[in-house]
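*Asks:* Could you work out the structure for the sequence below:
(chains A and B)
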2 protein chains.
Amino acid sequence: MYELYYWPTIQGRGEFVRLALEEAAAPYRDVARESGRGAGVASLLHFLQGRATEQPPFAPPFLRAGRLIVGQTANILQFLGSRHALAPNSESGRLWTHELQLTIADLVAEVHDTHHPIAVSQYYEDQKKEARRKAADFLKNRMPKYLGYFEKILGSKRSGDRYLLGAKLTYADLSLFQIVAGLTYAFPNTMERAARKYRHIFALHARIQQRPRIAAYLKSPRRIPFNEDGIFRHYPELENTSRVK
Amino acid sequence: MYELYYWPTIQGRGEFVRLALEEAAAPYRDVARESGRGAGVASLLHFLQGRATEQPPFAPPFLRAGRLIVGQTANILQFLGSRHALAPNSESGRLWTHELQLTIADLVAEVHDTHHPIAVSQYYEDQKKEARRKAADFLKNRMPKYLGYFEKILGSKRSGDRYLLGAKLTYADLSLFQIVAGLTYAFPNTMERAARKYRHIFALHARIQQRPRIAAYLKSPRRIPFNEDGIFRHYPELENTSRVK
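*Replies:* Numbers count the residues shown, from 1 in each chain, chains lettered A, B, ... in the order given. Purely as a prediction, here's the structure:
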C-alpha cells in the first residue's frame, strides 16, 4: 500500500502521481485527504519538517513505499514507472521517458508562473499586471514551443504507435494527458484553436481519457476538480491579453 | 568519448554536466565550443531541430554517448552518476540523490527568473522593474528556504560525513558547489552574510573547490567565466532591493 502525500484540495503536481497510481491499479492512500490520527495535512507537514526521516522532501508531492520516501514528481514517476511497467526496461527507453517527463515538469512550472510570476508567497491580485504580461508570452511563445515539440514526436511515429514511446503507454503519456486537461481548463479559447494544430496530442488525450481505469478515476471523488488554488487556473483576463503590451 | 552539446559562451545548465564529467575524468568534447565541420552551434541546432535523431532534446544541454542521446540536465547527471560512481548503487540512494538534484534544478530555474520574470524572449531591460520585485522575493523568501533545506541535511550528518549522501561524493554535491559559486557571483553581499548562516553548505563548496580535478578544471580555459548571459548574473540593482516594495 503506497502513501501519497500532497495538498488535499488541489490536483497540483500530485495529480501526475495519482494518474500513474490509478493506471497501475496500485493501492494507495491519499493521506492528507483523510482525517484522523496520522492523516490530514498535519501528517504531511510532519515529513516536511524533517522530523520523520533523515531524507526529508523539499515539498509535496512525496510517496511512501514501505521504508522508502520518494520526493519530486518526476522522481516518483520514475520509481513507479519501473515498478509498474509504466516505462520501458531498457536504459535508453527509461532515460528518454524521464527526459520527456522533465520537459513536462518545466512546462508545468511555466504554467504556474503565468498566475504567479513575481512571488508564490503573494496573492495573485498583487501580481495581476505582471501575470497578464507573463501569460501573454506563455500563450504566444512558450506553450506553442512545448506543444509543438510533443506534437512532432507523436507525429513521427509509425502508424499503430499510439504513445510517446511507441506502442506502449508510459507515465509521460499520462502526464501529457494532464497537461492537455489542465491547459484546456485554464485557457479554453486558446486550446479550442490549438486542437486543430496539435492533432496528435489531442488524440492522445482522448485515448487516455477512455482507458478504463483512467475513465473510472476521472468520474470518482478521488479526482479533485480543477480550481483556482492549483497550477492550472482559469482567470479569463489572462487569456484575453491581446491588447496588453 | 562523450559529446556535450551546450551554448558555447555561458556556464548555464551545461556547467552542472561539465562538473560531473571533470570530476569523473571522463573524456568529452564540448562540441559547440569547437570549430570546424560537425562542431560549433550548428551541430547543436542540428540535434534540436530533430534532424539527427528520433528522440530530439527539447533544449541544451544534451549528451551523446555512442548511440545514446540524453537530454535534461538532471537526467544526464543521473546517467553519468551510475556510469562513473557519482551516485550510490542502491535504489534508495539513487532516488534520494536524484530528488536532491531535482530540487537544485528548481532552484536554478528560480535564479534564472530573478532577471527574466516575464519572458525569456525579451531583454532584461524590458522587465527590469519586475525583475527587482522578483529578486527581492527570491533573496528574502526563496533562497533561504532552499539553502536552509540543504544546510539542514548536511548538518544532520554524523561527524565524518562530508557530503549530502554521507561519506561519498555524488553529482548532487557538485551541483550544490555550483549553486554556491553562482549565487556568490550574482549576489555577493547577500552571500557574504549567508556564509555565517549556512556553514555546512559553504564548507562543502570549499571542499569541492579543492578536489584536484575540480581545482584543475576551474583554473583551465574549459571553465567559462560567469557573465551576464548566463543563469547567474551580477546585476547590482537586483541585490539592492530593500526599498522596492
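
*Asks:* Which strands or helices does the longest helix seen in chain A pack on?
*Replies:* The residue-count maximum for a helix in chain A (DSSP state H) belongs to helix A:91-115. With contacts defined as 3 or more C-beta pairs under 8 Å, 6 or more residues apart in numbering or on different chains; DSSP states H and E, helix A:91-115 has these neighbours: helix A:73-83, helix A:128-137, helix A:143-155, helix A:171-186, strand B:68-71, helix B:73-83, helix B:91-115. Yep, even glycine has a C-beta here, placed from its N, CA and C like the rest.

*Asks:* How far away from the center of its chain is the last one?
*Replies:* Taking the mean C-alpha point of helix B:91-115 and that of its whole chain, the gap between them comes to 9 Å (C-alpha atoms, centre = their mean, to the nearest Å).

*Asks:* Kindly report the same for the second one.
*Replies:* A distance of 22 Å separates the centroid of the chain from that of helix A:128-137, by C-alpha atoms, centre = their mean.

*Asks:* hmm, back to that, buried sites along the longest helix of chain A?
*Replies:* The neighbour-count check on helix A:91-115 (16 or more other C-beta atoms under 10 Å in any protein chain shown) flags A:93-115 as buried.

*Asks:* repeat for stretch A:162-169
*Replies:* By neighbour count with 16+ other C-beta under 10 Å, stretch A:162-169 contains the buried residues A:162-165, A:169.

*Asks:* on that earlier part again, by how many degrees do the longest helix of chain A and helix B:91-115 diverge?
*Replies:* Using axes from the mean of the first three to the mean of the last three C-alpha atoms, to 10 degrees, the inter-axis angle of helix A:91-115 relative to helix B:91-115 is 40 degrees.

*Asks:* residues near the closest residue in space to A:G38 that isn't next to it in sequence, how many?
*Replies:* Excluding the flanking residues, the one nearest A:G38 by C-beta to C-beta, 6 or more residues apart in numbering or on different chains is A:V31, at 7.9 Å. The number of residues packed near A:V31 is 20, by other C-beta atoms under 10 Å in any protein chain shown.

*Asks:* The lowest-mean-pLDDT helix or strand in chain A: how far from the chain's middle?
*Replies:* Ranked by mean pLDDT, DSSP states H and E, the helix or strand of chain A with the weakest confidence is helix A:40-48, at a mean of 92. Distance of helix A:40-48 from the chain centroid (C-alpha atoms, centre = their mean) equals 21 Å.

*Asks:* which is the next helix or strand following that helix?
*Replies:* Per DSSP states H and E, the first helix or strand lying C-terminal to helix A:40-48 is strand A:62-65.

*Asks:* so where's chain A uncertain?
*Replies:* A:241-245 (pLDDT under 70).

*Asks:* rewinding a little: go ahead and confirm the residue nearest to A:G38 touches A:E3.
*Replies:* Yes: under the criterion of C-beta atoms under 8 Å, A:V31 makes contact with A:E3 at 5.1 Å.

*Asks:* who are the neighbours in contact with the spatially closest residue to A:I208 that is not a sequence neighbour?
*Replies:* Closest residue to A:I208 apart from its sequence neighbours, by C-beta to C-beta, 6+ apart: A:F177 at 4.1 Å. By C-beta atoms under 8 Å, 6 or more residues apart in numbering or on different chains, A:F177 lies in contact with A:19, A:204-205, A:208-209, A:214.

*Asks:* which secondary structure element contains the residue most central in space within chain A?
*Replies:* Centroid-nearest residue in chain A: A:F16, 4.1 Å away (criterion: C-alpha atoms, centre = their mean). Per DSSP H and E: A:F16 is located in helix A:14-23.

*Asks:* can you give me the offset of that helix from its chain's centre?
*Replies:* Per C-alpha atoms, centre = their mean, the centroid offset for helix A:14-23 relative to its chain is 9 Å.

*Asks:* what about dumping the CA coordinates of it to PDB?
*Replies:* What follows is helix A:14-23, C-alpha atoms only, in PDB (Å, rounded to 0.1, in the frame of the first residue of the first chain):
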ATOM      1  CA  GLY A  14       0.300  15.400  -7.000                       C
ATOM      2  CA  GLU A  15      -2.100  14.700  -9.900                       C
ATOM      3  CA  PHE A  16       0.700  13.400 -12.100                       C
ATOM      4  CA  VAL A  17       1.400  10.800  -9.400                       C
ATOM      5  CA  ARG A  18      -2.300  10.000  -8.900                       C
ATOM      6  CA  LEU A  19      -2.700   9.300 -12.600                       C
ATOM      7  CA  ALA A  20       0.200   6.800 -12.600                       C
ATOM      8  CA  LEU A  21      -1.100   5.100  -9.400                       C
ATOM      9  CA  GLU A  22      -4.600   4.800 -10.900                       C
ATOM     10  CA  GLU A  23      -3.500   3.500 -14.200                       C
END
